[in-house]
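In: When you get a sec, could you give me coordinates for this:
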Amino acid sequence: MTIYTDGAAEPNPGPGGYGIVLVSGQHRKELSGGFRLTTNNRMELMGVIVALEALSKPCRVNLYSDSKYVVDSIKKGSLDRWSRNRWQRSPGQPVKNVDLWKRYLEAARKHSIRFHWVKGHAGVALNERCDELAVAAAQGFELQEDSGYLTDPSSSHVQKGQDKGLFDSVLGQPLRRLSRDSSLPASTQPMAEPKEGAPCRKCSETLVKKNTKPKATKPGQTYYYLWYLFCPGCGTMYMVNEAKRLIS
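Out: As a prediction, this is how the structure comes out:
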């Protein structure tokens, strides 16, 4: 089994997504999912986890990722060291993303996995495809809640007491997944973007427009969202192309 994964968040932290391509012989499958507020590293790790969880039986896996955070943490022994030290990097310094690392260990337990680091944006076809899936998922209309990030005590927004009310939502919603070998009914593809004043697709509450907070651009960032649509009923946030601005 060959697996490629990628993750993205723009800005970081911000809306994010993961992309996965699984290849076994002549069979190929693609998966992706998007979240309202997360980080690039969490999405890189989430991609690996979801890919392994998608395997229905124990497999020999060659897994390719452009994330040194993920690959080095596993191959260089950091993950084993963190788990032995009760998820402390050093006294008083908790490991970030513990919820996902624990989930990874459970998902990886029944497989034989070899990790390979690949350089991102270097023309590796399946890595590029994963990047496309991750970015598309991050720009989706109905992004899910990354509850682990919002409650991680090592995250800077929690340490600073940042108000997360903007992102409060009903938890436990399924991840949005895209599968190359399954098709949607013609009536649901493509889906029109929501507009201000339209009903929320989840709870039918009227959507309102909210401006995003100004942030410094990141190296390589090519766009940002000037505003977004927000549902005061269930907390769903919709990132729409109308609000997208290119950085010249």
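
In: Trp101 versus the residue of the chain positioned farthest from its centre, what's the distance?
Out: Centroid-distance maximum for the chain: Pro91 at 29.4 Å, with Cα atoms, centre = their mean. According to Cβ to Cβ, to the nearest Å, Pro91 stands 19 Å off from Trp101. Any C-beta I mention is one placed from the backbone N, CA and C, and that applies to glycine too.

In: Equivalent analysis for Asn40, please.
Out: Asn40 is 16 Å from Trp101, by Cβ to Cβ.

In: How about Pro214?
Out: For Pro214 relative to Trp101 (Cβ to Cβ), the value is 33 Å.

In: ok, now Asp131?
Out: 23 Å.

In: and what of Ala108?
Out: In terms of Cβ to Cβ, Ala108 sits 10 Å off from Trp101.

In: Show me where the chain dips below the pLDDT cut-off.
Out: Within the chain, the ranges that satisfy pLDDT under 70 run 153-192, 201-203, 215-221, 234-235.

In: again, only using 80
Out: In the predicted model of the chain, residues 150-193, 200-205, 212-225, 228, 230-231, 233-240, 248 satisfy pLDDT under 80.

In: mind giving me the domain split of it?
Out: 2-167, 193-246 (automatic domain parsing).

In: Please enumerate the helices of the chain.
Out: Taking DSSP state H, the helices of the chain run over residues 40-53, 68-75, 78-84, 98-108, 125-138, 147-151, 156-159.

In: With distance to Val208 added, can I get the ones you listed in TSV?
Out: Shown next, in TSV, are the helices of the chain (distance: least, Cβ to Cβ, whole Å):
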stretch	distance to Val208
helix 40-53	27
helix 68-75	36
helix 78-84	42
helix 98-108	31
helix 125-138	22
helix 147-151	22
helix 156-159	23
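
In: Looking at the ones you listed, which is nearest to Ser204?
Out: Of all the helices of the chain, it is helix 147-151 that lies closest to Ser204, at 23.5 Å by Cβ to Cβ.

In: could you say what helices and strands the closest one packs with?
Out: The helices and strands touching helix 147-151, judged by 3 or more Cβ pairs under 8 Å, 6 or more residues apart in numbering; DSSP states H and E, are strand 27-38, helix 156-159.

In: and with 7 Å instead?
Out: Here helix 147-151 touches strand 27-38, going by 3 or more Cβ pairs under 7 Å, 6 or more residues apart in numbering; DSSP states H and E.

In: Tell me which other helices or strands the strand it packs on touches.
Out: strand 14-24, helix 125-138, helix 147-151.
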